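> pasted the sequence and its predicted model underneath.
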Amino acid sequence: MFHPDGPSFFELARQALSSTTRGYDLLAPKFDHTPFRTPDELLLPLADAIGPADSIGSAIDLCCGTGAVMRVLRPLCTDRVVGIDLSTGMLEEAARRLEQAPGAATVVLEVQDALAMEYDQQFDVATSCGAFGHVLHDDQDNFAERVRNALVANGRFVFVTHPMPPLLSRAYLLSRAFNGAMHLRNALIDPPFVMFYMTFPLERAHEVLERHGFELDVRAPYAHTVYAPMRLVIATKRA
């Protein structure tokens, strides 16, 4: 499951007993050696769907972590690519890893909460990969509205998700068990660690984003890969 250079069991336990932000600060140096880092096999089709090199002005990656998405976004941008995250540790790793990233667009990294960002029509594209589990159900409408406000007219929110699996499937049952354990952990330990699975499946994404003025184009570029259940979503802001 983990790369030899990844975190030990005790390092993961220490992270799990910390707050969300502190936990990711601790995990940051080894994050790219864990299964939690979105694989390039998912990111490259995402970049292809956005467009060719130098086809957009500016893009923002929400909850950017160590900058994996920004690395594929930068060649597409002529102006700037922005990454925001609450973890300074993750942003420090992103800065280091993006030093030699292809492309000429300016790289901007900011400590910022995606649920409180106040960008006003500044980006052609917004992305977020592997971070929806940090957005609680009751915060999803706020999140969608913040994304909408950040995009220009006809701007696109591009991300990867999946349909909700059957209720008795292994994936569904494991996600519910993990989420139950996290709720118990947060009831017993303060500060909380916010990370839950299958909180923004395709059906929920349709519901929330259409309510906030997006039109969704759902694609299946991973159909013949090990990531076959995943879907690429291009949500376009209605002008």
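That came through fine. Residues are numbered from 1 along each chain as shown.
> so for stretch 231-239, what's the average pLDDT?
Taken as a whole, stretch 231-239 has an average pLDDT of 96.
> send the alpha carbons of it over as PDB?
Taking Å, rounded to 0.1, in the frame of the first residue of the first chain, the C-alpha atoms of stretch 231-239 are listed here in PDB:
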ATOM      1  CA  ARG A 231     -15.500  10.000 -13.800                       C
ATOM      2  CA  LEU A 232     -14.000  13.200 -15.100                       C
ATOM      3  CA  VAL A 233     -16.400  16.100 -14.500                       C
ATOM      4  CA  ILE A 234     -16.300  19.400 -16.300                       C
ATOM      5  CA  ALA A 235     -18.700  21.800 -14.700                       C
ATOM      6  CA  THR A 236     -19.100  25.000 -16.700                       C
ATOM      7  CA  LYS A 237     -20.300  28.200 -15.000                       C
ATOM      8  CA  ARG A 238     -23.300  29.500 -16.800                       C
ATOM      9  CA  ALA A 239     -22.700  33.100 -18.100                       C
END
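> gap between that stretch and the chain center?
Here the centre of mass of C-alpha atoms in stretch 231-239, compared against the chain's by Cα atoms, centre = their mean, to the nearest Å, lies 15 Å away.
> can you check stretch 87-100 too?
So, by Cα atoms, centre = their mean, the centroid of stretch 87-100 is 16 Å from its chain's centroid.
> report the buried residues of that stretch.
Applying a neighbour-count criterion of 16 or more other Cβ atoms under 10 Å, the buried positions in stretch 87-100 are 87, 89-91, 93-94, 98. In short, each C-beta sits where N, CA and C put it, glycine included.
> same check, this time on stretch 147-160
Residues of stretch 147-160 classed as buried under the neighbour-count rule (16+ other Cβ under 10 Å) are 147-148, 150-152, 155-160.
> mind putting the buried residues of stretch 87-100 in a markdown table, distance to residue 39, secondary structure and pLDDT included?
Formatted as a markdown table, those follow (distance: Cβ to Cβ, whole Å; DSSP: H, G, I helix; E, B strand; the rest coil; pLDDT from 0 to 100):
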| residue | distance to residue 39 | secondary structure | pLDDT |
| --- | --- | --- | --- |
| 87 | 20 | coil | 98 |
| 89 | 21 | helix | 98 |
| 90 | 17 | helix | 98 |
| 91 | 21 | helix | 99 |
| 93 | 17 | helix | 97 |
| 94 | 17 | helix | 98 |
| 98 | 18 | helix | 97 |
